[in-house]
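[1] just the structure for this:
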Amino acid sequence: MNEILKTQQRTQSYWFGDGITEIVGGIALALVGVPLYAAAQFKMSGLSTLALGVMILLFPASAKVVRFLKDRITHARTGYVSYPKRPASKRRRGYVIALLLGVAVVSTLIALGDQSLQGVASRSLLLGIGVGMAAAFLVRAIKLHLPRFLAPAAACIAVVALAWGFEFQFIEGLALMWLVLGATLFLTGSMALLVYLHKNPRIEVEDDSNDGI
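    Prediction:
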């Protein structure tokens, strides 16, 4: 394997080694899933709007939370590893595009309400999303040699199977996927963090201010 590719994979594995990204991402998904699932159950469009607002505000903020926690927890133990990044302008453009797509999808679903995506069309779309997400987690598990990502992959498949079997509508099924996936990521991330903290105690920096006195 190309040494540059190996280095990139080791760096990515290091990034996920402490579980912090999963913990923060899991909480963010759950906070979007709760009002969205309640909206589907109680037919309250206001809760769908709340879910949209939470997504707009929380997802961009979660990246800053991850960085903050890594500065306080990870970098004090195993140091900071950097790797070449895309130019800031391209990263910002990617964030904006992803956010706009998410807002557009959720806004459309809220506007169409229960008349949209019913029956087989609803479950087929949900199946496609679930399988796609499961495949992404599976690739990450294999590529980064992190088998714990098999758990969220299995969670996605389980939810779409449940949604298909019980004929859930799209919004209800999607909300349930966010909830289950969020809980799974939180659990796997928490276990990874506990293992990481056990293996990597905090490095104490000696105070040399009184040396030579």
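
[2] tell me how far residue 164 lies from residue 41.
    Computed with C-beta to C-beta, to the nearest Å, the distance linking residue 164 and residue 41 is 19 Å. Every residue, glycine included, has its C-beta placed from N, CA and C.

[3] more neighbours: these two, which one.
    Legend: neighbour count by other C-beta atoms under 10 Å for residue 164 and residue 41, higher for residue 164 (17 against 12).

[4] in space, what's closest to that one - neighbours in sequence excluded?
    Distances taken as C-beta to C-beta, 6 or more residues apart in numbering put residue 123 closest to residue 164, at 5.0 Å, once the chain neighbours are dropped.

[5] where's that neighbour, which helix or strand?
    Residue 123 is located in helix 119-143, with elements delineated by DSSP states H and E.

[6] got it, and residue 21?
    Taking DSSP H and E as the criterion, residue 21 maps to helix 20-42.

[7] ok, back up a step: return the set of buried residues in the helix holding residue 123.
    By neighbour count, with 16 or more other C-beta atoms under 10 Å as the criterion, the buried positions of helix 119-143 are 122-123, 126-127, 129-130, 133-134, 137-138, 140-141.

[8] now for those residues, which pair is the farthest apart?
    Between any two of the buried residues of helix 119-143, the greatest separation by C-beta to C-beta is 28.8 Å, found for 122 and 141.

[9] before we move on, back to that, and the helix holding residue 123, what other elements does it pack with?
    If you count contacts as 3 or more C-beta pairs under 8 Å, 6 or more residues apart in numbering; DSSP states H and E, helix 119-143 packs onto helix 150-165, helix 170-199.

[10] list the contacts of residue 201.
    Residues in contact with residue 201 (C-beta atoms under 8 Å, 6 or more residues apart in numbering) are residue 77.

[11] in three-state terms, label it for me.
    coil (DSSP: H, G, I helix; E, B strand; the rest coil).

[12] that one and residue 136: what is the separation?
    Relative to residue 136, residue 201 is positioned 33 Å away (C-beta to C-beta).

[13] low-confidence ranges, this structure, go.
    Counting by pLDDT under 70, the low-confidence segments of the chain come to 1-12, 45-46, 48, 52, 81-121, 203-213.
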